[in-house]
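Undergrad: Sequence first, then the predicted structure, then my questions.
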Amino acid sequence: MKRINTTTRNLLLILAAAFTNCLIDGTMNLIVTICLCLALIPTARRMDRESRNQ
């Protein structure tokens, strides 16, 4: 069985958090949105590094 790489795993976790964020109201929604934005930064850097190496 093929192992899922780190970038794909991070993107799946971000997708799950975004879906959960749709179900949350109030201040918690804002907190999760901020966490999503912050989580995308290292994932985008890793994806950029992977594309340069190929």
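TA: It's in.
Undergrad: contacts, neighbours, all on C-alpha from now
TA: Will do.
Undergrad: name the helices or strands packed onto the longest helix seen in the chain?
TA: The residue-count maximum for a helix in the chain (DSSP state H) belongs to helix 27-53. Applying 3 or more Cα pairs under 8 Å, 6 or more residues apart in numbering; DSSP states H and E, we find helix 27-53 packed against helix 6-22.
Undergrad: and the helix it packs on, what other elements does it pack with?
TA: helix 27-53.
Undergrad: Next up, the contacts around the residue sitting nearest the centre point of the chain.
TA: Among the residues of the chain, the one closest to the centroid is Ile14, at 2.9 Å (Cα atoms, centre = their mean). Applying Cα atoms under 8 Å, 6 or more residues apart in numbering, we find Ile14 in contact with Leu36, Ala39, Leu40.
Undergrad: can you rerun that using 10 Å?
TA: Thr8, Thr20, Cys35, Leu36, Cys37, Ala39, Leu40, Thr43 (Cα atoms under 10 Å, 6 or more residues apart in numbering).
Undergrad: Wait, Thr6 touches Thr43, no?
TA: Yes. The criterion here is Cα atoms under 10 Å, and Thr6 meets it with Thr43 at 9.0 Å.
Undergrad: And the two? Which one has more around it.
TA: In terms of neighbours (other Cα atoms under 10 Å), Thr43 is the more surrounded of Thr6 and Thr43; the figures are 18 against 12.
Undergrad: Name the nearest residue to the more buried one, sequence neighbours excluded.
TA: Thr7 (6.3 Å; Cα to Cα, 6 or more residues apart in numbering).
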